[in-house]
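Enquirer: with the sequence up front, the predicted model follows.
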Amino acid sequence: MSKKRSTSKKVEVRPLSLGSFGELQTAMAAAYPHWNGGLWKKETIARLIDLFPEGQLAVHVNGVLAGCALSIIVDIDKLGIDHTYAMATGNYSFNTHEPGGNVLYGIEVFIDPQYRGMRLGRRLYEARKELCEQLNLRSVMFGGRIPGYREHAERFTPKEYIAAVRKKRIHDPVLSFQLSNDFHVVRLLKNYLPNDEDSMEYATLMEWDNIYHDAQSMDTSWSRNVRLGVVQWQMRSYTDIDGLFEHLDYFLQVVSGYHSDFAVFPELFNAPLMSMYNDRSEAEAIRALAEHTVPIREFMVQCAMKYNVNIVSGSMPLIEDGQLYNMGFLCRRDGTWERYEKVHITPNERQAWGIQGGKQVRVFDTDCGRVGVVICYDCEFPEMVRLLALQGMQILFVPFHTDTQTAYMRVRSCAMARAIENECFVAVAGSVGNLPKVQNMDIQYAQSAVFTPCDHAFPTSGVKGEATANTEMVLVVDVDLSLLKDLHHRGSVQNLKDRREDVYSLRLGAGETKSVVAPVNG
């Protein structure tokens, strides 16, 4: 019986050394036989090794260099996602390398053709991912060539070509490989790499997300864990606004004591003040209540700074140009504030109070991520919340007021659906108790809660936490925003990615100020 000779090869990935430059030149020349640009020079490799030695990787087969991957660290927020290779590398000076940056940026990867088929490129990509995790960087990014595009340029635009590669209708030797290695396309880059005739100077900005990234330890504004303080507010009678302020201050002090990032109040939580106008009609009483809205807002702005917590003020009536609206305020802990509006008005609100619907559909930037606020009935309109998701919303706040359990279940069921279909967290805050002297607000039913998407990283029920029904209390819940990013790219289902924009579309009305771009969760 003859004995077969062993054909096994020893493969090793290790930091690139300047002593291997000769082998690197040989491998690169073989990898780019038709390249019109210049190849790497020894002094350039030396500079990269000096700047960031652990970022320069080589793969060796039986001790011979078969390929390499070069990289630097950049601050992608400074660089911006719309850039060229020259911009990313500081016009090849690599002065864009920032040890305190947030992204491992790949500037080169190649394999000598004689070693292809051994999955060496995958090994280099895996080594980059491990380095990204070790350095606690947000992601790995690079501009990827699309060398197959030139052959298809007469039939496809770059966007169509990328879509065809994704659907595996076309094989691109670079893009197909990158997609199979868990990288996703962030955007199309134009004029990225001069002399790249095969790609017609187009490239795809690719990204792999480090789900273990701890942004807080890097002292960035992107917070991994966000603590929500949801106030389930007891409706009680007040003789004046000072009584309301006293209870607001109490709950904000409690929420702040638990180091919450947000305090969330219910819709029309200030309705007890209408008892002072019980001798008037319902429509007149709520207009009198609207006179207190600005003072309450100013009180909350001061409390946000005093207690170091962002406040979602529930909602209050406000009169503008003679029209009555239901709106609220996001009072940030830095002293700034913005308002949100109830867009969809219930039949009862129109008939009893004459409230008009607002027109604003937008998200808000905070020090704990991008948030949206919809008031009660608005949550029952999925297209409105989807518009917020397409603007990058991570947390949706839903201040609500419901009088019966059936009304509450409409809000709850819709809020849970919004969390699933928009891949976000949803916090709902309602009021409890009775107001015998306030018409149209006499009874309340609520069970405030925080809902999540339904996937392996989240609670099986989709409920992160919930208050005791019809009991005044504060619900304190932590949500991990990093889980959302992983869900967007690796979820069992990917609702935002899998929308059929070729079949249907969604847009804001002509009167809106915020355009919709989709998706933005990178």
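Expert: Cool, got the structure.

Enquirer: which regions of the stretch 51-200 of the chain sit below the pLDDT cut-off?
Expert: Along the stretch 51-200 of the chain, no part satisfies pLDDT under 70.

Enquirer: show me where it has strands.
Expert: 57-61, 64-74, 103-111, 139-145, 184-189 (DSSP state E, counting those that start in this stretch).

Enquirer: can you check the stretch 301-450 of the chain too?
Expert: So, for the stretch 301-450 of the chain - with DSSP E, counting those that start in this stretch - the strands run 310-312, 316-320, 323-331, 337-341, 355-356, 364-366, 369-373, 395-399, 425-429, 431-432, 449-451.

Enquirer: nearest residue to A203 other than its sequence neighbours?
Expert: Nearest residue to A203, sequence neighbours excluded (CB to CB, 6 or more residues apart in numbering): Y192, at 3.6 Å. Placement of C-beta: from N, CA and C, glycine included.

Enquirer: and the one you found, how far from I107?
Expert: 12 Å (CB to CB, to the nearest Å).

Enquirer: over to F381?
Expert: F381 is 46 Å from I107, by CB to CB.

Enquirer: L244: which of the strands of the stretch 51-200 of the chain is closest?
Expert: Closest approach to L244 among these is made by strand 139-145 (46.2 Å; CB to CB).

Enquirer: tell me who's in contact with the residue nearest to A449 when sequence neighbours are not counted.
Expert: Spatial nearest neighbour of A449, chain neighbours left out: E466 (3.8 Å); criterion: CB to CB, 6+ apart. E466 makes contact with Q447, S448, A449, V450, L475 under the criterion CB atoms under 8 Å, 6 or more residues apart in numbering.

Enquirer: take these and write them to a markdown table, including distance to S176.
Expert: Below are those laid out as a markdown table (distance: CB to CB, whole Å):
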| residue | distance to S176 |
| --- | --- |
| Q447 | 49 |
| S448 | 48 |
| A449 | 44 |
| V450 | 40 |
| L475 | 47 |
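
Enquirer: for the residue lying closest to L65 once chain neighbours are set aside, grab phi and psi.
Expert: In this structure, L65 finds its nearest non-sequential neighbour in E23, 3.7 Å apart by CB to CB, 6+ apart. E23 has phi and psi values of phi -70, psi -40 when expressed as degrees, to the nearest 10.

Enquirer: pretty sure E23 contacts G63?
Expert: No. Here E23 lies out of contact with G63, judged by CB atoms under 8 Å, at a distance of 9.7 Å.

Enquirer: out of F381 and I107, which sits in the busier spot?
Expert: Neighbour totals were compared for F381 and I107, and I107 leads with 21 against 15 (other CB atoms under 10 Å).

Enquirer: ok, now which ones touch the closest residue to that one other than its chain neighbours?
Expert: Ranked by CB to CB, 6+ apart and with sequence neighbours excluded, the top spatial neighbour of I107 is L70, at 5.1 Å. With contact taken as CB under 8 Å, 6+ apart, L70 is in contact with L16, I45, L48, G55, Q56, L57, G106, I107, E108, V109.

Enquirer: same check on M416?
Expert: V426, F451, G462, V463.

Enquirer: one more: V432?
Expert: V432 neighbours (CB under 8 Å, 6+ apart): Q232, W233, Q234, M235, Q444, Y445, A446, N470, T471, E472.

Enquirer: excluding chain neighbours, what is closest to the fifth one?
Expert: If you skip the residues right next to it in sequence, Q444 has S431 as its closest partner in space, 4.7 Å away by CB to CB, 6+ apart.

Enquirer: would you confirm that Y238 contacts F269?
Expert: No. Assessed by CB under 8 Å, Y238 is found out of contact with F269, at 11.5 Å.

Enquirer: more neighbours: those two, which one.
Expert: F269 (26 against 16).

Enquirer: would you confirm that the more buried one contacts V312?
Expert: No. The pair F269 / V312 is not scored as a contact, 11.0 Å apart, by CB under 8 Å.

Enquirer: so what's in contact with the two at the same time?
Expert: The contact lists of F269 and V312 share P399, where a contact means CB under 8 Å, 6+ apart.

Enquirer: so, low pLDDT: which residues of this structure?
Expert: Applying pLDDT under 70 to the chain flags residues 1-9, 35-37, 215-224, 510-522.

Enquirer: show me where the stretch 251-400 of the chain has helices.
Expert: In the stretch 251-400 of the chain, the helices defined using DSSP state H, counting those that start in this stretch lie at 282-289, 293-306, 347-348, 382-389.

Enquirer: turn these into TSV, columns for mean neighbour count and distance to K129.
Expert: Below are the helices of the stretch 251-400 of the chain laid out as TSV (neighbours: other CB atoms under 10 Å; distance: least, CB to CB, whole Å):
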stretch	mean neighbour count	distance to K129
helix 282-289	19	56
helix 293-306	18	40
helix 347-348	10	55
helix 382-389	20	28
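
Enquirer: wait, which of the ones you listed is closest to E160?
Expert: Closest among those, using CB to CB: helix 382-389, at 24.9 Å.

Enquirer: I'd like the distance from the closest one to the chain centre, please.
Expert: 14 Å (CA atoms, centre = their mean, to the nearest Å).

Enquirer: next one: stretch 244-255
Expert: On CA atoms, centre = their mean, the centre of stretch 244-255 falls 31 Å from the chain's centre.

Enquirer: and that stretch, what's buried?
Expert: Neighbour counts over stretch 244-255 (16 or more other CB atoms under 10 Å) mark L244, F245, H247, L248, F251, L252, V254, V255 as buried.

Enquirer: repeat that for stretch 502-509.
Expert: Result for stretch 502-509 [16+ other CB under 10 Å]: buried residues L508.

Enquirer: with stretch 12-27 instead?
Expert: Buried residues in stretch 12-27 (16+ other CB under 10 Å): V13, L16, S20, F21, E23, L24, Q25, A27.

Enquirer: who's in contact with the fourth one?
Expert: Applying CB under 8 Å, 6+ apart to F21 gives the contacts K42, I45.

Enquirer: count of residues packed around the nearest residue to V185 once chain neighbours are set aside?
Expert: The shortest distance from V185 to any non-neighbouring residue, by CB to CB, 6+ apart, is to T204 (4.9 Å). By other CB under 10 Å, 28 other residues sit near T204.

Enquirer: now for the buried residues of stretch 12-27: which two are most distant?
Expert: The widest separation within the buried residues of stretch 12-27 (CB to CB) is 19.5 Å, between V13 and Q25.

Enquirer: return the member of the contacts of M416 nearest to Y325.
Expert: V426 (23.3 Å).

Enquirer: that closest one: what's it in contact with?
Expert: I395, L396, F397, V398, A415, M416, R418, A419, V450, F451, T452.

Enquirer: once you drop chain neighbours, what's closest to V226?
Expert: C368 (4.6 Å).

Enquirer: let me fix that, I meant to ask about M327.
Expert: E341 (4.6 Å).
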